[in-house]
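> please find the sequence and the predicted model below.
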Amino acid sequence: MALDIYEHDDFRKLLAHLWEEKLSRNRRYSTRAFARDAGLTNPGFLGDVIKGRRKLSQVAMEKMIAGFGLRPKEAEYFRLLVRFGQTRSLSEREDCYRQILTRRNRSTFTRMNPAHSRYYQDYRYPLLRAALQCLPSRSEPAEVGAFLDPPLPPHQVSKMIQDLVQWGLVRDDPHRGREVVDTFVEPPPHLGELVRNLNRTWIDHAGEAIGRFRPDQRHISSILLTVSESTQRQIRDKIDSFREEVFRLLKEDRSPDRVMQLSLQFFPRSRSNDPGRKA
């Protein structure tokens, strides 16, 4: 199967896959030959970029495009990935990613399986799908919209339910009503940035919840921990175990009547102070 560049949101991984594809067609092809064909002076440059040791300048980016023979629309998409991956400006990253999604939505990949992209682009889809698991199967769009927090207008609910049905995530039976298909949806690996953006949205919502709900309606707390690398790994393992336990409880719950959000956040707030390790 030919490589579909629109499945990628990391230009370095895309370059690695493009290189693997070249080698699959000609095992005798070398990085020296690629450098010659692309007009690069350093045979190891491609490997350095893939491993994150080098950045791509405008000139080097165009040489990569020529070396891999990307078509005009693919080249445009690749340039966006490079900008997205190398800029430090949050606003530029957001702008790049909006453009990436637009081009991805026009690609064959999205038309073949829209649930794999649009479902994760808009937090309201998973929220609405969760609400449908809690409500009677024949609930009207106005009821579903009013059940959600924040609420959704009925016309928006109707349109989004149609999308979920079309994507195979909800079944709409004329006799039994609506039924959510498979409780848990696992995103494919190539949608990593989409899922990261969705997580950022969930985290923002958690921050807003502090002022919107009484303490007895929510639990939001943060603590700073001082840990060794070993303890850090143990805590991560316990978080993973806790998530599995939560999923087990959800599978056993046969009568859900509300939608809750659970956010787990555990990340560095300093560099390592171990002199034997790189910070």
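The structure has been received and is ready for your questions. Residues are numbered from 1 along each chain as shown.
> mind checking pLDDT for Arg27?
pLDDT, Arg27: 88.
> sorry, wrong one. I was asking about Trp19.
95.
> so what's it up against?
Applying C-beta atoms under 8 Å, 6 or more residues apart in numbering, we find Trp19 in contact with Phe34, Leu46, Ile50. (Glycine included, C-beta is placed from N, CA and C.)
> scan this protein for its longest helix.
Secondary structure of the chain read by DSSP state H shows that its longest helix is helix 229-252.
> show me where this structure has helices.
Assigned by DSSP H, the chain shows helices spanning 11-25, 31-38, 45-50, 58-68, 72-86, 90-105, 108-112, 118-121, 124-134, 141-147, 154-166, 192-212, 229-252.
> can you count the residues close to Ser89?
Here the number of neighbours of Ser89 (other C-beta atoms under 10 Å) works out to 10.
> and it, how close does it get to Cys96?
When distances are taken as C-beta to C-beta, to the nearest Å, Ser89 and Cys96 turn out to be 9 Å apart.
> over to Arg138?
Where Cys96 is concerned, Arg138 sits at a distance of 43 Å (C-beta to C-beta).
> with neighbour numbers in mind, choose between these two.
Neighbour tally, Arg138 and Cys96, criterion other C-beta under 10 Å: the higher count belongs to Cys96, 20 against 9.
> who's in contact with that one?
Cys96 makes contact with Leu80, Arg83, Phe84, Thr87 under the criterion C-beta under 8 Å, 6+ apart.
> can I get the residues you listed in JSON lines with pLDDT, neighbour count and distance to Arg118?
As requested, the contacts of Cys96 are arranged in JSON lines below (pLDDT from 0 to 100; neighbours: other C-beta atoms under 10 Å; distance: C-beta to C-beta, whole Å):
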{"residue": "Leu80", "pLDDT": "93", "neighbour count": "21", "distance to Arg118": "19"}
{"residue": "Arg83", "pLDDT": "94", "neighbour count": "20", "distance to Arg118": "23"}
{"residue": "Phe84", "pLDDT": "91", "neighbour count": "20", "distance to Arg118": "19"}
{"residue": "Thr87", "pLDDT": "91", "neighbour count": "13", "distance to Arg118": "25"}
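> out of those residues, which is nearest to Gln234?
Phe84 (34.6 Å; C-beta to C-beta).
> does that closest one touch Tyr97 like I think?
Yes: here Phe84 lies in contact with Tyr97, judged by C-beta atoms under 8 Å, at a distance of 6.0 Å.
> where do the contact lists of these two overlap?
Asp9.
> low-confidence ranges, the stretch 51-200 of the chain, go.
With pLDDT under 70 as the threshold, the stretch 51-200 of the chain has low-confidence stretches at 105-116, 183-186, 188-190.
> at 50 instead, please
Per-residue confidence for the stretch 51-200 of the chain (pLDDT under 50) gives these ranges: 111-112.
> what about the residue nearest to Leu15 when sequence neighbours are not counted, how many neighbours?
Nearest in space to Leu15, with sequence neighbours left out and distances taken as C-beta to C-beta, 6 or more residues apart in numbering, is Ile50 at 5.2 Å. If you count neighbours by other C-beta under 10 Å, Ile50 ends up with 18.
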